[in-house]
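**Q** No letters, just coordinates:
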């Protein structure tokens, strides 16, 4: 069998029919190309994830200083410890209803109750001193309030260290789920 040759008109028609058609702008295409859209969404997501900063903060409940005496009765004031910790550049000065606490937290007297040790604040000794003062009378057992005062030269981390040291009993087990509370209610005093 001999092959039949196509005429020029037939070859032209086959070429015209097999060539891809360009669609007019008003005609619908077969598929929607979403790759460019996905590229944009991926870039935006990467940008958002790279610029979002997660900040974890811890909060400590405190109370602002009050003007006046707070309105307590005189009989109620005598049965409270009324512990105040003054953070000074050389250490901690403690005051209670009985007066200034002497060095070593043994008695009432002049001086710093807890001086700095090796040029750093001694938070462990402060916590033990506060525990001793709280345990000095059964009337102080339920007291949970302490006033902390510091001037503007005292570093912020020293004030937070005082709050942490006074919050729980230093002799409770370190692996205990709940430490025994000492002074969780912190008030800030005004420095005069």
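**A** Nice, thanks for sending it over. Not measured: the values here are computed from a predicted model.
**Q** Could you list the buried residues of stretch 159-168?
**A** By neighbour count with 16 or more other Cβ atoms under 10 Å, stretch 159-168 contains the buried residues 159, 161, 162, 163, 165, 166, 167, 168. Glycine gets a C-beta too; all of them are placed from N, C-alpha and C.
**Q** Could you dump the residues you listed into TSV and include distance to residue 105 and secondary structure?
**A** Listed next are those as TSV, based on distance: Cβ to Cβ, whole Å; DSSP: H, G, I helix; E, B strand; the rest coil:
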residue	distance to residue 105	secondary structure
159	20	helix
161	18	helix
162	15	helix
163	19	helix
165	13	helix
166	13	helix
167	18	helix
168	18	strand
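**Q** Let's have these in CSV, adding distance to residue 84.
**A** What follows is the buried residues of stretch 159-168, written out as CSV (distance: Cβ to Cβ, whole Å):
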residue, distance to residue 84
159, 14
161, 17
162, 11
163, 14
165, 15
166, 11
167, 16
168, 19
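**Q** Let me know the closest of those to residue 97.
**A** residue 166 (16.9 Å; Cβ to Cβ).
**Q** ok so, going back, out of the buried residues of stretch 159-168, what pair is the most spread apart?
**A** Farthest pair in the buried residues of stretch 159-168, by Cβ to Cβ: 159 and 168, 17.0 Å.
**Q** Give me the next element, helix or strand, following the lowest-mean-pLDDT helix or strand in the chain.
**A** When the helices and strands of the chain are compared on mean pLDDT, DSSP states H and E, helix 74-78 comes out lowest with a mean of 48. Sequence-wise, the next helix or strand downstream of helix 74-78 (DSSP states H and E) is strand 84-88.
**Q** helices or strands up against whatever helix or strand residue 47 lives in?
**A** Residue 47 is part of helix 35-51, with elements assigned from DSSP H and E. Using 3 or more Cβ pairs under 8 Å, 6 or more residues apart in numbering; DSSP states H and E, no helix or strand is in contact with helix 35-51.
**Q** which parts of that helix are buried?
**A** Within helix 35-51, no residue is scored as buried using 16+ other Cβ under 10 Å.
**Q** centre of the chain versus that helix, how much separation?
**A** Taking Cα atoms, centre = their mean, to the nearest Å, one finds the center of helix 35-51 at 31 Å from the center of the full chain.
**Q** And for the residue nearest to residue 145 when sequence neighbours are not counted, the neighbour number?
**A** Counting by Cβ to Cβ, 6 or more residues apart in numbering, residue 145 lies nearest to residue 185, which is 4.4 Å off, once chain neighbours are set aside. A count of nearby residues for residue 185, using other Cβ atoms under 10 Å, gives 15.
**Q** got a list of what the closest residue to residue 109 other than its chain neighbours touches?
**A** Spatial nearest neighbour of residue 109, chain neighbours left out: residue 102 (3.2 Å); criterion: Cβ to Cβ, 6+ apart. The neighbourhood of residue 102, defined by Cβ atoms under 8 Å, 6 or more residues apart in numbering, consists of 108, 109, 110, 111, 113.
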